[in-house]
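Undergrad: Turn this into a model:
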Amino acid sequence: MSTFSDLGLHKQVLKAVTAEGYETPTPIQLQSIPRLLAARDLLGIAQTGTGKTAAFALPTLHHLRLLNKNRKPKSAYVLVLAPTRELAGQIAESFRTYSSYMDCVTQTVFGGVKINRQIRALEKGCHVLVATPGRLLDLMNQGAVHLRDLDVLILDEADQMLDMGFIHDLRKIMAQVPDERQTLLFSATMPKLIEDMTGQYLSDPVRVSVAPESTTAERVTQGVIHVANNNKLALLGKLLDNPDIDRALVFTRTKHGADKVVRKLIAKNYPALAIHGNKSQSQRLKALDAFKSGKCRILIATDIAARGIDIDGITHGINFEMPNVPEQYVHRIGRTARAGKDGISISLVAEDELYYLREIEKITRVEVEVLPAPEGMEDLVLPPPAPNLRVRKPKGPSRRSGKPPQRGSRRNRPEGVSKAKQRSRKRPGKNQRRRDRETANAKG
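TA: Numbering: from 1, shown residues only. As a prediction, this is how the structure comes out:
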């Protein structure tokens, strides 16, 4: 089988694929589509940019066309769960594109926007519902949608949903879906929790993989430059002067860091935009549209926000700050080298980030090449560390936010102790301590 017409897809689905100019399936599509047409549960290990959205959307639409079901109020036949609103929106757009020659209504629901409009959109039901877990639970709790008629459940980028803390939401959703269903789970990495979910929620799944677990995209050239933190911005500007950069996606660990880099770049006459969780939906869409159209060629993003970026033509990915979760590196560089094109990933590594680099090289089984200093930047670049140098894991930052827990935060409070109760435990003031001493002396 070498073309889409050889896969046995319904002619109306095939017509939409042909209209998009697709002829040859990608490896993940070749492995997945025949098995999904046979109604098998599937575990797919694939990075972004491999064509996995079409790998699950095309056979799903094939089944919907054969069933030819009418919509039911507040119901859906296919549910796709995604970690971010951007990714949910792009998956929904793919379903609409591939179903353009058949009767199929696709709805998208996610947080960050008013819920009432989504409630109204779901009143008549839909064939395909693409959702983020948190907003879907909100809608289910309000009685706006139910999952009793579900035929197909798809978990996309499941590892990222777990990293973002959606495990409890996922379990609540899974408790509401029918036992008789087809379940698909796609992930770029394979942590133990994904293995556990596979055993619990998938029935005799077939496993497909287009790359070993936690490997990096094959068409991405990776490099590292060792530099002090206070020299990173100057080095970033020099890298962005490269005329070969069509679009550059620059990664930071935190939302504050993303905004700071944007301000510094704009001050140096580098037009840049930021995308992260504190931006409104309209701001995020505006930034993505400007980046996609080429009006802005520099986009600064946090890991979570970047997961929804599916844009061809990103030539360079620059790690301004190294991820403190090694698997995030795999997802970061997967934003480049899409649609069969080559990409370049450059990591700016400070001395306190060497531990993260070593962890990344360990899970990817790739030693990242040390790049020479850009012209005129020789004094800013540090020599590579000795291979046998022992590095320690940095203290303080948490896995999720990169910030240490603040006093009084939930992560820094004993279980069962409220904020008010913790405040009442503050150290007594000077006057109270004096009275305590006087009382003790009187008793003595």
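
Undergrad: Can you tell me how far the residue nearest to Y101 when sequence neighbours are not counted is from L240?
TA: The shortest distance from Y101 to any residue other than its chain neighbours is 4.4 Å, reached at Q12 (Cβ to Cβ, 6 or more residues apart in numbering). To be clear about C-beta, it is placed using only N, CA and C from the backbone, and glycine gets the same treatment. Q12 sits at a distance of 45 Å from L240 (criterion: Cβ to Cβ, to the nearest Å).

Undergrad: Next: G134.
TA: 35 Å.

Undergrad: One more: I119?
TA: With distances taken as Cβ to Cβ, I119 is found 44 Å from L240.

Undergrad: mind checking pLDDT for P414?
TA: Taken from the predicted model, the pLDDT recorded for P414 is 39.

Undergrad: What is the least confident helix or strand in this structure?
TA: Of all the helices and strands that make up the chain, the one with the lowest confidence by mean pLDDT, DSSP states H and E is helix 419-423; it has a mean of 49.

Undergrad: Which residue ranges make up each domain of this structure?
TA: By the record's domain assignment, the chain is partitioned as 4-209, 220-370 (automatic domain parsing).

Undergrad: For D379, find the nearest of those.
TA: Closest to D379 of the domains of the chain is domain 220-370 (Cβ to Cβ; 8.9 Å).

Undergrad: Return the distance of the closest one from the chain's centre.
TA: Here the centre of mass of C-alpha atoms in domain 220-370, compared against the chain's by Cα atoms, centre = their mean, to the nearest Å, lies 14 Å away.

Undergrad: Report the rounded mean pLDDT for it.
TA: Here the mean pLDDT over domain 220-370 is 89, rounded to a whole number.

Undergrad: low-scoring stretches of the stretch 1-150 of the chain, by residue?
TA: 1, 48-49 (pLDDT under 70).

Undergrad: For it, which segments are assigned as helices?
TA: 11-19, 27-37, 52-67, 85-98, 115-122, 133-141 (DSSP state H, counting those that start in this stretch).

Undergrad: same for the first one, what does it pack against?
TA: With contacts defined as 3 or more Cβ pairs under 8 Å, 6 or more residues apart in numbering; DSSP states H and E, helix 11-19 has these neighbours: helix 52-67, helix 85-98.

Undergrad: As a markdown table, the ones you listed with distance to D289 and mean neighbour count would be great.
TA: As requested, the helices and strands packed on helix 11-19 are arranged in a markdown table below (distance: least, Cβ to Cβ, whole Å; neighbours: other Cβ atoms under 10 Å):
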| stretch | distance to D289 | mean neighbour count |
| --- | --- | --- |
| helix 52-67 | 20 | 22 |
| helix 85-98 | 12 | 22 |
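
Undergrad: would TSV of those with distance to P383 be doable?
TA: Output for the helices and strands packed on helix 11-19, formatted as TSV (distance: least, Cβ to Cβ, whole Å):
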stretch	distance to P383
helix 52-67	40
helix 85-98	39
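
Undergrad: count of neighbours near the residue nearest to Y101?
TA: Q12: 17 surrounding residues under other Cβ atoms under 10 Å.

Undergrad: In three-state terms, how would the nearest residue to L42 once chain neighbours are set aside be classified?
TA: In this structure, L42 finds its nearest non-sequential neighbour in L184, 4.9 Å apart by Cβ to Cβ, 6+ apart. Three states are possible here, and by DSSP: H, G, I helix; E, B strand; the rest coil the one that applies to L184 is strand.

Undergrad: Contact partners for L184?
TA: Contacts for L184 (Cβ atoms under 8 Å, 6 or more residues apart in numbering) come out as L36, D41, L42, G44, F56, V152, L153, I154, L155.

Undergrad: and if we set it to 7 Å?
TA: The neighbourhood of L184, defined by Cβ atoms under 7 Å, 6 or more residues apart in numbering, consists of L42, F56, I154, L155.

Undergrad: which residues does it bridge with?
TA: When bridges are assigned using DSSP bridges, the partners listed for L184 are L42, I154.

Undergrad: Give me the pLDDT value at it.
TA: L184 carries a pLDDT value of 97.
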